[in-house]
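Visitor: I would like the atomic coordinates for the input below:
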Amino acid sequence: MFKGDVGSTTTVGTLANHNGCGTSYQVGEEYLLFVSKPHQVDAAWESYACGPYTGTPFDLRSATEKVYGSPHRPRESAPETEISWQTRITAAVPAPVLAMTGILLLGLIAWTISVLRRRRSRGLQ
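Guide: Residues are numbered from 1 along each chain as shown. Coordinates of the predicted model:
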């Protein structure tokens with residue numbers, strides 16, 4: 001971390017189709033991210049993984065260290081942010097799949113209720 005106060009546990013989100021460029025991250029790997037307060041993601045921070053881009057081969061980390069100094073570890077006293085259950089679910093299963101599953105489930109429930117009502121009405125006659 002170069003600037004700011006972040007706890008040892010936090011969340012950083014990116015948009016899959018816009019400024020995040022479909023970026024994914026692996027636990028245990030080191031990444032240089034420029035983050036800000038979230039506007040469009042359910043996370044403590046939002047990262048714009050497509051930038052900054054200089055257009056030339058450029059050591060961005062070295063330039064960042066010149067401006068902000070050496071990086072420091074997250075502070076134990078800083079607020080921590082856990083990953084929400086919504087983020088955990090949508091990270092494992094894409095939102096369109098969840099939406100289709102929900103629609104199919106609602107359809108199945110409606111169909112079951114319809115069948116049960118027909119059976120009851122036939123039994124009462």
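Visitor: Helix, strand, or coil at L106?
Guide: helix (DSSP: H, G, I helix; E, B strand; the rest coil).
Visitor: Could you give the number of residues near it?
Guide: Residues lying near L106 (other C-beta atoms under 10 Å) number 10. Using the backbone N, CA and C atoms, a C-beta is placed for each residue, glycine as well.
Visitor: Return the distance of it relative to R120.
Guide: 21 Å (C-beta to C-beta, to the nearest Å).
Visitor: got it, and E65?
Guide: From E65 to R120 the distance is 74 Å (C-beta to C-beta).
Visitor: Please apply the same query to W111.
Guide: Distance from W111 to R120, by C-beta to C-beta: 15 Å.
Visitor: Repeat that for T112.
Guide: T112 is 13 Å from R120, by C-beta to C-beta.
Visitor: Check L105 too.
Guide: 23 Å.
Visitor: what about the strands in this protein?
Guide: 12-13, 35-36, 45-47 (DSSP state E).
Visitor: With respect to burial, which of those scores highest?
Guide: Ranked by mean neighbour count, the strands of the chain are led by strand 45-47 with a mean of 21 (mean count of other C-beta atoms under 10 Å).
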